[in-house]
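Undergrad: What shape does this take:
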Amino acid sequence: MRQIILDTETTGIDPKEGHRLIEIGAVEMINRRLTGNTYHQYINPEREIEAEAIGIHGITNERVADEPRFAEVADAFWAFIKGAELIIHNAAFDVGFIDHEFGILQASRDEPRLGPVADHCAILDTLKMARDKHPGQRNSLDALCKRYEIDNGHRVLHGALLDAEILADVYLAMTGGQTALLLDADAQAGANSGGTSGIRRLSSERQRLAVTRLSEVELEAHRAKLSLIREGAGECAWDALVGWEASETDRAPSASVES
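TA: Numbering: from 1, shown residues only. The predicted structure follows:
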């Protein structure tokens, strides 16, 4: 499953009043493992940013004056999210702005419209999920971090990429933790449970295990056992396994193993 945890920052709160996107941040997760692939872009909104919005995210008009316009980044952004499940806190807000931007773009392009997002991506709203799990409680991103003991002390102002990274941790905590464990951890769990299917991480170089030689007493017992087998059956499977003529000592088993 490919999931994109996404957040945006805007010039104001309502695209119907002409407000625009000024930042998009998104992180990729596949099978509940963060891949390290991200999308992060500041955008020139081609309008003024409201003072109240600046107070929330700290992004000024001067900061985005030289950034590309949405039309210049739309294709790359669309390629990053298309077909994925989008995980967004208060999804209606972010999706509304994204669809608004694609609508403006379509008006200036003589080609099929990109979007609406819900036609090409599944959408999971973590705010709705949190309200269902914790009715009557505060379910802001900060409140969820506190509830699930996720460190967000570095979050002084809102920022799209930072908030997306924090939301990824919150989502994993809300849905049972990160299940994509390291192979070493899987192997240890298998050993602790007495299972036989534990997996261990192999080094890039083959490792020679310790060799344990048989004592003279053990060799004599081995020779005697082989002789009894040969006398009774006329042949010995051990000889066939060794595969060459050798002395009884050479035929004796050895614990030399290579892995």
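Undergrad: In stretch 25-37, which residues are buried?
TA: Buried residues in stretch 25-37, counting neighbours by 16 or more other C-beta atoms under 10 Å, are found at 25-29, 32, 34. No exception for glycine: its C-beta is placed from N, CA and C like everyone else's.
Undergrad: nope, stretch 85-97 is what I was after
TA: For stretch 85-97, by 16+ other C-beta under 10 Å, it's 86-89, 91, 93-97.
Undergrad: State the helix or strand in which the spatially closest residue to Glu50 that is not a sequence neighbour lies.
TA: With C-beta to C-beta, 6 or more residues apart in numbering as the criterion, Glu50 has its nearest non-adjacent residue at 4.7 Å, and that residue is Gly12. For Gly12, there is no helix or strand it lies in under DSSP states H and E.
Undergrad: any idea how far Gly12 is from Arg109?
TA: 25 Å (C-beta to C-beta, to the nearest Å).
Undergrad: Between the two, which is the more surrounded one?
TA: Remark: of Gly12 and Arg109, Gly12 carries more neighbours, 17 against 13, as counted by other C-beta atoms under 10 Å.
Undergrad: what mean pLDDT would you report for the helix or strand hosting Asp142?
TA: Secondary-structure assignment from DSSP H and E places Asp142 in helix 141-147. Mean pLDDT, helix 141-147: 95.
Undergrad: Pull out the buried residues from that helix.
TA: For helix 141-147, burial by neighbour count (16+ other C-beta under 10 Å) applies to 141, 144-145, 147.
Undergrad: before we move on, what about stretch 162-182?
TA: 162-174.
Undergrad: related to what we said a few turns ago, taking the buried residues of stretch 25-37, tell me the two that lie furthest apart.
TA: Across those, the longest distance by C-beta to C-beta is 19.6 Å; it joins Gly25 and Arg32.
Undergrad: Can you add secondary structure and give the buried residues of stretch 85-97 back as a markdown table?
TA: Output for the buried residues of stretch 85-97, formatted as a markdown table (DSSP: H, G, I helix; E, B strand; the rest coil):
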| residue | secondary structure |
| --- | --- |
| Leu86 | strand |
| Ile87 | strand |
| Ile88 | strand |
| His89 | coil |
| Ala91 | helix |
| Phe93 | helix |
| Asp94 | helix |
| Val95 | helix |
| Gly96 | helix |
| Phe97 | helix |
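Undergrad: Redo those as CSV? Include distance to Glu62.
TA: Formatted as CSV, the buried residues of stretch 85-97 follow (distance: C-beta to C-beta, whole Å):
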residue, distance to Glu62
Leu86, 31
Ile87, 32
Ile88, 28
His89, 28
Ala91, 30
Phe93, 25
Asp94, 24
Val95, 28
Gly96, 27
Phe97, 22
